[in-house]
Every structure is written in structure tokens, then in C-alpha cells.
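Colleague: compute the structure for the input listed below.
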Amino acid sequence: MSLVLGACSSASNAANTGAEKAANEGTTANVSKTVHDTFGDVVIPAEPKNLLVTNSSYAEYLIEMGIVPQMVLMTFEVEPEYRAPYFEKHGVKMIESDQYQYNYEQLLALSPDLILTQGGGMEKTVYDELSKIAPTVALNTNSEMEAAMPLMAELFDKTAESAKVLAENEEKVEQAKTKIAQAIGDKTVLVLRVESTRYRYLGSKAGDSSKFFYQTLGLHIPEIFKDSEDWFTPFSLEILPDIKPDYIFLEERALKGYDASQSLKDLENNPLWQNMDAVKNGHVFR
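Modeller: This is a model prediction of the structure:
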């Protein structure tokens, strides 16, 4: 009987060992997957445990789809006020970073197992440096929600969730568009950026915020700039009388170590600025 029981026990152990091995092999087969990004194919963790997102808008899109990244790079000077409390609420660690620059040593110390970044406009050399730190996915798009979210949804198997968020956002956009049309009709809106050495206006046919203002929300750009395809275009204050906007959104460029306050004073003291109807009517918003 002892021999029989011993034989049965050995057979059982062998079966269990075989099952565990098969299970482990199956698990190993599922820990990674290959995806395609701006620069080609990249092997990434199927379920990343320490995801670093370099674009704060991307991190917000992920959370809205039900995926909370562990870390996000933040340039606090240019972030909307709600975003930091939003990330804090969801337990996302915010890493302070200079705009348009990466501190590779800093990122390496964070030990990410996946980096998600914007591919639109990224240089291959920058991508290669990030890829040395961790597998990096550079989405082949910009920061626009309608373009970026479906790509992230495909990456993380959140297509249904993405569609729901986009539909809800579209409904909010239509409501806002209706209110704006009722409030100002076809009056024109100029978005003017004040920088330390120059002034720039937001074009109507570029991406990101340009598309949001002039296409998504349906605002009208002054006639003189209607064909501009650049994002922010430098211009001389001498043409202020020719712009004739009904409303002006004024942005003082804010970055660490960057001061545009004197340029703003020069603008506000300029007689050409002071004589604009939008300025005299109190239709300048900062």
C-alpha cells in the first residue's frame, strides 16, 4: 500500500509540476506584446506596472478611459489649474519637467517599465534616448483628444471606454458651441501670445488649441489671418489697426526663467493697442 501511495503521490506531483510549468509558460507568453508607433514596432509590457506618461493631456485621457498611469511629467507653469489636483486625486505622481526638454537621468531614476509619449514632432534621437530607459511608445499624433485617445484605447484595449468618453465630450462641445454662437454670433476672436522678444497670434488651420478654438468651437478668426496655417505666427504691432478683432484672448508666455512682463507692458502702453475697439470695449481676456 505504501508503494502504491508513493507512486500515486509521485504521479500527482509530476502532474502538478507539469501544470505549473504550462501555466508559467502561458503567463510568460502574455507578459509582452508588440505594437506599432511613429518609429516602428516596439515590444512593451502587456500590463505595465510603472507607466510614465510624458504628455499631461495623454495622462488625463488615460484616466478618463479607466487607466491610471503611475507617473506623469508636468511643466507646472503652462498647465491648466485643474490638472494638478486632478492627478493628485487619482494618485498619479507628478514629475516636474522643463517644457520640450527631458532630463534622461531623472527619468532613468524613476525606473518606468513603459514610457508613453507624443510622436508628432518628436525627433528620432530623442525617441532613441527614451527607449534606452524603457520601452517607449510614441503615438503617431499630437495632443488632440479626438486623435490621441483612439490610439491609446487600441494600445490598452479600451476601445469601448474611449468611444464613450469621446461621445460625452462631443455632447459637451456642442453645448458650448451653441452657447458661444448665441453669445457672440460671428464676431471675431484673436488669440495673442506675448513673449519676451515678440508677439504671435494663433492661426486658424493648425492643430491642437488652434483646431479647438476655430474648428471645434466654431470661433471666427479676424479676416486678415483667415488663411494662416501655422500654430503661432510672429507679427509686428504695426499691423494692430488692421486686425480688427471683436474679442482678444491675451496670453503672457509663462515658463521657468522666462519673463514676458516687459513685452506685456510695452503692448499695453502702445497707442495702436489702446485704440483697438476690443481694448476700448473691455473685450480683452487674460
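Colleague: what's the spacing between Ala148 and Met276?
Modeller: 36 Å (Cβ to Cβ, to the nearest Å). Quick note: C-beta positions are derived from backbone N, CA and C, even for glycine.
Colleague: neighbour count for these two, which is higher?
Modeller: More crowded of Ala148 and Met276, by other Cβ atoms under 10 Å: Ala148, with 23 against 19.
Colleague: isn't the more buried one right up against Asn140?
Modeller: No. Contact between Ala148 and Asn140 fails when scored by Cβ atoms under 8 Å: they sit 9.7 Å apart.
Colleague: count the residues that sit near Gln274.
Modeller: Neighbours around Gln274, by other Cβ under 10 Å: 12.
Colleague: OK, contacts around it?
Modeller: Contact analysis of Gln274 by Cβ atoms under 8 Å, 6 or more residues apart in numbering lists Glu268, Lys280.
Colleague: and if you look at Ile224?
Modeller: The neighbours of Ile224, taking Cβ under 8 Å, 6+ apart as the test, are Ile239, Asp242, Ile243, Lys244.
Colleague: so Pro241, which of the three states?
Modeller: helix (DSSP: H, G, I helix; E, B strand; the rest coil).
Colleague: just the pLDDT for Tyr258.
Modeller: Looking at Tyr258, its pLDDT reads 71.
Colleague: so Gln106 lies in a helix, does it not?
Modeller: Yes. The assignment for Gln106, made by three-state DSSP, places it in a helix.
Colleague: thinking it is in contact with Ile95, fair?
Modeller: Yes. In this structure Gln106 lies within contact range of Ile95 using Cβ under 8 Å: 7.3 Å.
Colleague: looking at these two, which has the bigger crowd around it?
Modeller: Just comparing Gln106 and Ile95: by other Cβ under 10 Å the higher neighbour count belongs to Ile95, 16 against 13.
Colleague: give me the contact list for stretch 186-201.
Modeller: Contacts for stretch 186-201 (Cβ under 8 Å, 6+ apart): 202, 209, 213, 219-223, 225, 228, 232-237, 243-253, 258-260, 262-264, 267, 278.
Colleague: kindly supply the ChimeraX command isolating those of those residues that are buried.
Modeller: Here is the ChimeraX selection string for the buried members of the contacts of stretch 186-201, based on 16 or more other Cβ atoms under 10 Å:
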select :202,213,219,220,221,222,225,228,232,235,243,245,246,247,248,249,250,251,252,253,260,263,264,267,278
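Colleague: quick one: the strands in the stretch 151-286 of the chain, in order.
Modeller: Secondary structure of the stretch 151-286 of the chain (DSSP state E, counting those that start in this stretch): strands located at 189-194, 199-202, 232-235, 247-252, 284-285.
Colleague: for the shortest one, packing partners?
Modeller: Yep, that's strand 284-285 we're talking about. Contacts defined by 3 or more Cβ pairs under 8 Å, 6 or more residues apart in numbering; DSSP states H and E place strand 284-285 against strand 247-252.
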